[in-house]
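Student: any chance you could fold what I've pasted below:
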Amino acid sequence: MKLVKWFRTDLIYSLLIVIISFVLVSDLFLNRGTAAAFDSPFHITNIAQFTAALRSGDFPVVWEDGFANYGLPIGIIAHQLPNYLGAFINLIISNPVISYYIVMFTGVLLSCLFYYLFLRLYFSPLLSFLATFLFNFSAYRILNVYVRGAEPEIFSNVFVSLILICMYYFIVRKKLWAWFLFIFSAFLLSLTHPMNLLIYSFIFVMYFFFLIVSQENIKGLLTKKSLKAAFWLAGGLILGILMAAYYVIPLNLEIKYFYYGSGAAQLAQGQFLNIADYFKESWQYFTASDTFVRGNILQSGLLETLGLVAGIIYLLWVWIKKRFQKEDLFLLFAVLTSLIFIFFTLPPSGIVYKIIRIMSSI
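Tutor: Numbering: from 1, shown residues only. So this is what the prediction gives:
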């Protein structure tokens, strides 16, 4: 009976997640016209082009006839999973704009559901839902949907929590199926947003440390068991990327012929933030160098900032008082991961981008 009660509770919260996911993207569906975001016209055009290519029997899609006068090989660099998904939807409804909106909603919904399931590994249904609610309506998500039009990035969020769930079940529960799902998730993430695979790797590495330390202690990181788990996960990640080789390899080889890869160095100078940027609000309707949508300005969000600051203060307090418990490890994992990402937006991290060449592509 207790299991049935938990399942029923999770089902109710899952239905609520469907509702809040639609609320986030509802403005796309409820207003006529095309979304006024930076990249949305490009993604909508790609969906239409992928649809035309599939109708003519082209698979995988490489050449898109509708670009410029003679077409362009955009299929080499276009994000595969969201474009194919959008094209298949468009084959049914014959409306690339609505297809784009449906792909966006699908990414928002699945990322929230998997985030909720990941949190349920550690927290109650109510706390997991409240955290999912905050995640769904974070400044980052709103910016991606309505300002950047970052459909592939929204869709890539799906696989972050899914990969973390796989890592938990593989390392903690010793489930072999989790390793195979881990490979498949890495494969889909590679097809969705290869660059984000690099960015999210910081989360995966930190979570691996958390899992090992929470099961044993800091010394457990150097045991044969932990090294074996690291080997299996690294191998699974490589296998997932290799499964997407038809896309990833041409993308890296051919990018030099596109504008993005035309420069000698990928690293854009002078683009770092500073600490003050995380505490000030600057929501301009437009800037001198932007198009008609709002300025593409990073916002961390008030609740996110307060949560991080509170987490840091709490961890410092328990460390000074020598009251640090095993239950505090999850908060430590979250805070350290957040600080790592913030570090990579600040000027001192510039040396890392210069030394590690692949980092300069972010």
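Student: just the helices in the stretch 101-250 of the chain please.
Tutor: Under the criterion DSSP state H, counting those that start in this stretch, the stretch 101-250 of the chain contains helices at 125-136, 139-146, 151-171, 176-192, 194-215, 224-243, 245-254.
Student: can you redo the ones you listed as a markdown table with mean pLDDT and mean neighbour count?
Tutor: From N, CA and C alone the C-beta is placed, and that goes for glycine too. Formatted as a markdown table, these follow (pLDDT from 0 to 100; neighbours: other C-beta atoms under 10 Å):
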| stretch | mean pLDDT | mean neighbour count |
| --- | --- | --- |
| helix 125-136 | 96 | 17 |
| helix 139-146 | 89 | 20 |
| helix 151-171 | 96 | 24 |
| helix 176-192 | 97 | 21 |
| helix 194-215 | 91 | 18 |
| helix 224-243 | 93 | 16 |
| helix 245-254 | 89 | 14 |
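Student: and those helices as TSV, adding distance to residue 17?
Tutor: Formatted as TSV, the helices of the stretch 101-250 of the chain follow (distance: least, C-beta to C-beta, whole Å):
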stretch	distance to residue 17
helix 125-136	6
helix 139-146	13
helix 151-171	12
helix 176-192	20
helix 194-215	21
helix 224-243	26
helix 245-254	30
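Student: OK, contacts around the residue lying closest to residue 157 once chain neighbours are set aside?
Tutor: Using C-beta to C-beta, 6 or more residues apart in numbering and skipping the chain neighbours, the partner closest in space to residue 157 is residue 111 (3.7 Å). By C-beta atoms under 8 Å, 6 or more residues apart in numbering, the contact set of residue 111 is 154, 155, 157, 158, 160, 161.
Student: how close does residue 111 get to residue 207?
Tutor: Residue 111 is 17 Å from residue 207, where distance means C-beta to C-beta, to the nearest Å.
Student: buried residues in whichever strand or helix holds residue 10?
Tutor: Per DSSP states H and E: residue 10 is located in helix 2-30. In terms of neighbour count (16 or more other C-beta atoms under 10 Å), helix 2-30 has its buried residues at 10, 13, 14, 17, 20, 21, 24, 25, 28.
Student: what angle separates it from helix 151-171?
Tutor: 170 degrees (axes from the mean of the first three to the mean of the last three C-alpha atoms, to 10 degrees).
Student: what helices and strands are in contact with the helix or strand following helix 2-30?
Tutor: With elements assigned by DSSP H and E, the helix or strand that comes after helix 2-30 is helix 40-55. Packing partners of helix 40-55 (3 or more C-beta pairs under 8 Å, 6 or more residues apart in numbering; DSSP states H and E): helix 80-93, helix 96-119, helix 151-171.
Student: repeat that for 7 Å
Tutor: Using 3 or more C-beta pairs under 7 Å, 6 or more residues apart in numbering; DSSP states H and E, the elements in contact with helix 40-55 are helix 80-93, helix 96-119.
Student: deepest-packed of these, please.
Tutor: helix 96-119 (a mean of 22; mean count of other C-beta atoms under 10 Å).
Student: restrict that one to CA atoms and write it as PDB.
Tutor: The C-alpha trace of helix 96-119 is given here as PDB (Å, rounded to 0.1, in the frame of the first residue of the first chain):
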ATOM      1  CA  PRO A  96       7.300  24.100 -39.300                       C
ATOM      2  CA  VAL A  97       6.500  26.900 -36.800                       C
ATOM      3  CA  ILE A  98       4.100  24.800 -34.700                       C
ATOM      4  CA  SER A  99       6.600  21.800 -35.100                       C
ATOM      5  CA  TYR A 100       9.300  24.000 -33.600                       C
ATOM      6  CA  TYR A 101       7.000  24.900 -30.700                       C
ATOM      7  CA  ILE A 102       6.200  21.200 -30.100                       C
ATOM      8  CA  VAL A 103       9.900  20.300 -30.000                       C
ATOM      9  CA  MET A 104      10.500  23.100 -27.600                       C
ATOM     10  CA  PHE A 105       7.600  21.900 -25.300                       C
ATOM     11  CA  THR A 106       8.900  18.300 -25.600                       C
ATOM     12  CA  GLY A 107      12.300  19.400 -24.400                       C
ATOM     13  CA  VAL A 108      10.900  21.500 -21.600                       C
ATOM     14  CA  LEU A 109       8.600  18.700 -20.400                       C
ATOM     15  CA  LEU A 110      11.100  15.800 -20.600                       C
ATOM     16  CA  SER A 111      13.900  17.800 -18.900                       C
ATOM     17  CA  CYS A 112      11.500  18.600 -16.000                       C
ATOM     18  CA  LEU A 113      10.300  15.000 -15.700                       C
ATOM     19  CA  PHE A 114      13.800  13.600 -15.600                       C
ATOM     20  CA  TYR A 115      15.000  16.300 -13.200                       C
ATOM     21  CA  TYR A 116      12.100  15.400 -10.900                       C
ATOM     22  CA  LEU A 117      13.000  11.700 -11.100                       C
ATOM     23  CA  PHE A 118      16.600  12.500 -10.400                       C
ATOM     24  CA  LEU A 119      15.700  14.500  -7.300                       C
END
